[in-house]
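Visitor: model this:
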Amino acid sequence: MSLSEAKTCLEHHLTDHYVNTGWRPALKVIMDAKGDIDAALNAVNTLAAIASQQTGLKIWIPACPKILT
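Guide: The predicted model follows:
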């Protein structure tokens, strides 16, 4: 699979949630591995470990509305 095919598949699957800058490092290490499965797995595992620490989750709790009496 080529880089452009991989990007197209990701864009199709993730739709509006696909962000090129977020996926670029993962796609680069896979393409740079050039068939070396161990190198690709090591690189992906490293990226997965980093990503698991960067959830980007934000919890927003709205203020309690004023109760009219």
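Visitor: List of residues touching the helix or strand hosting Glu5?
Guide: According to DSSP states H and E, Glu5 maps onto helix 3-14. Applying C-beta atoms under 8 Å, 6 or more residues apart in numbering, the contact partners of helix 3-14 are 1, 18, 20, 23, 27, 30-31. The C-beta positions use only the backbone N, C-alpha and C, and glycine is treated the same way.
Visitor: 7 Å instead?
Guide: Helix 3-14 has contacts (C-beta atoms under 7 Å, 6 or more residues apart in numbering) with 18, 23, 27, 31.
Visitor: Inside helices: which ones of the residues you listed?
Guide: Among these, DSSP state H puts 23, 27, 31 in helices.
Visitor: Mind giving me the packing neighbours of the longest helix anywhere in the chain?
Guide: Longest helix in the chain, counting residues (DSSP H): helix 37-52. Secondary structure elements in contact with helix 37-52, counted by 3 or more C-beta pairs under 7 Å, 6 or more residues apart in numbering; DSSP states H and E, are helix 20-33.
Visitor: Distance from the chain centre to the helix it packs on, please.
Guide: The chain centre lies 10 Å from the centre of helix 20-33; the measure is C-alpha atoms, centre = their mean, to the nearest Å.
Visitor: Averaged pLDDT, that helix. What do you get?
Guide: Averaged across helix 20-33, the pLDDT comes to 85.
Visitor: picking that back up, any idea which of the contacts of helix 3-14 is closest to Ala49?
Guide: Trp23 (16.7 Å; C-beta to C-beta).
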